[in-house]
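Colleague: next one to model:
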Amino acid sequence: MAELRYDILSGTYTIIASERAKRPNDFRAAQQHEDPVPDRDPGCPFCEGNENETPPEVHALRDSGKPDTPGWRVRVVPNKFPALRPAETAEIDSGMADIEVVPEVDDSSMYWRMPAIGAHEVVVETTKHNGTLGTYTVEDMAAVLETLKQRYRVLGDDKHIVYVQIFRNWGPEGGASLLHPHFQIIGLPLLPPEVSTELSRFSEYESKTGRCLMCDYIERETEKDERVAFKNREFIVLCPFASRFSFETLIVPRKHSVTFSELDNDKAVQLAEIFTSLFRAYEKMFSSLSYNIVFHTLPPPKRSRKQPADHWHIHVYPRLNVEAGLEKGAAVWINPTPPELAAQQFGGKG
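Modeller: As a prediction, this is how the structure comes out:
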């Protein structure tokens, strides 16, 4: 029988359609074999040797060479077609220069707007055009995570940026416009509603219990051991109780940590182990999987007089479900793969 489940982190609902439970092989689109991808594509702006096809790099991990030349392992460049622009380069209407970030809830907010000031960067995570998270070494992945952390800190210091969003789009259903593997980082001039909702739920739980919502969630899920996909000393991968997407996962520090910027070298290696193990499993189950990775982490400290309750985490959303009328109209999701079944399919708790 189908169940209606409630997600304590987001306050949303999911219908777990157990009677039509789907395993990896049931998703035909995710099993389609594409033509082999080359190690290097001469026409790809992110491939090594094509550095002049991107804006000048702002950060790189290099084995050799000068900026904007070959010899890099991880390279960060401004997005060539940014969604937001730095204040110094943006054309700001003088009448919009001093608009408040949060509009008042009255008639004046009906047509509220402000300049799209911020940052939009691309983290080219490998020189290999055919690289995937499941083929990286732990060392490779740790270097990517270290780069993401460094750019998170730099963008968080910008006075115009309120929230730094790290994400990765993969595959056509995941919204990826270029095949070469890359993360993106966007610095927003506001706190996104979904993050704000999560923070509010953390704060409400803490005010009622005196404890961290995520810490309690991890403790109970570890005890039940029904939805644990992977774990090591520092991190755990859960298939959330009210997963909105088939084979959705949640990566969480096992010890309380409020921000991704606290990641030290040892934890970066531990997180890299989790990433490579998880995505090797995804790539074994699905030969052509589209997905989104989304980091949810505390806004930069300068934006908070009092540190909000939070426990940073990473969502992985495989794009196996079709978002239709119920999802778009009511924000109630139908998931044909119970998370308990998904966790069994991963089979690698560590």
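Colleague: where does pLDDT dip in the chain?
Modeller: 33, 89-109, 300-307, 348-350 (pLDDT under 70).
Colleague: tell me who's in contact with the residue nearest to the spatial centre of it.
Modeller: The chain has residue 294 as the residue nearest its centroid, 1.5 Å off, counting by C-alpha atoms, centre = their mean. Neighbour list for residue 294: 165, 166, 167, 314, 315, 317 [criterion: C-beta atoms under 8 Å, 6 or more residues apart in numbering]. Where C-beta positions appear, they are placed from N, C-alpha and C, glycine not excepted.
Colleague: what's the closest of these to residue 10?
Modeller: residue 315 (9.8 Å; C-beta to C-beta).
Colleague: in three-state terms, label the nearest residue to that closest one once chain neighbours are set aside for me.
Modeller: Among residues not flanking residue 315 along the chain, residue 294 sits closest, at 4.6 Å (C-beta to C-beta, 6 or more residues apart in numbering). Of the three states, residue 294 takes strand under DSSP: H, G, I helix; E, B strand; the rest coil.
Colleague: run through the bridge partners of residue 294.
Modeller: Residue 294 has these beta-bridge partners by DSSP bridges: residue 167, residue 315.
Colleague: related to what we said a few turns ago, and of the contacts of residue 294, the nearest to residue 45?
Modeller: residue 167 (19.6 Å).
Colleague: my guess is the closest one contacts residue 188. True?
Modeller: No. Judged on C-beta atoms under 8 Å, residue 167 makes no contact with residue 188 at a distance of 11.8 Å.
Colleague: neighbour count for those two, which is higher?
Modeller: Higher neighbour count among residue 167 and residue 188: residue 188, with 23 against 16, using other C-beta atoms under 10 Å.
Colleague: near the closest residue to that one other than its chain neighbours, how many other residues are there?
Modeller: Nearest residue to residue 188, sequence neighbours excluded (C-beta to C-beta, 6+ apart): residue 163, at 4.7 Å. Residue 163 sits with 21 neighbouring residues when counted by other C-beta under 10 Å.
Colleague: isn't residue 163 right next to residue 190, touching?
Modeller: Yes. With contact defined as C-beta under 8 Å, residue 163 reaches residue 190; the gap is 6.9 Å.
Colleague: and which of the contacts of residue 294 is nearest residue 30?
Modeller: So of these, ranked by how close each gets to residue 30 (C-beta to C-beta), first place is residue 317, at 13.3 Å.
Colleague: pretty sure residue 276 is in a helix, no?
Modeller: Yes. Under three-state DSSP, residue 276 falls within a helix.
Colleague: can you tell me how far it is from residue 47?
Modeller: Between residue 276 and residue 47 the distance is 22 Å, computed by C-beta to C-beta, to the nearest Å.
Colleague: show me the strands in the stretch 101-250 of the chain, by range?
Modeller: Remark: strands assigned in the stretch 101-250 of the chain by DSSP state E, counting those that start in this stretch are 119-124, 163-170, 182-188, 228-231, 235-238, 249-253.
Colleague: residues touching the last one, excluding its own?
Modeller: The contact list for strand 249-253, computed with C-beta under 8 Å, 6+ apart, reads 214, 218, 229, 234-240, 267, 271, 274-275, 278, 311-316, 342.
Colleague: what pairs with that strand, parallel or antiparallel?
Modeller: Partners of strand 249-253, by DSSP bridges, with direction: strand 235-238 (antiparallel), strand 313-318 (antiparallel).
Colleague: and that strand, how far out from the chain middle?
Modeller: From the chain centre to the centre of strand 249-253 is a distance of 11 Å (C-alpha atoms, centre = their mean, to the nearest Å).
Colleague: with the fifth one instead?
Modeller: Average the C-alpha atoms of strand 235-238, do the same for its chain, and the two points are 15 Å apart (C-alpha atoms, centre = their mean).
Colleague: now swap in the second one and tell me
Modeller: Computed by C-alpha atoms, centre = their mean, the chain-centroid distance of strand 163-170 equals 5 Å.
Colleague: so which elements touch it?
Modeller: Contact here means 3 or more C-beta pairs under 8 Å, 6 or more residues apart in numbering; DSSP states H and E; on that basis strand 163-170 packs against helix 138-156, strand 182-188, strand 291-296.
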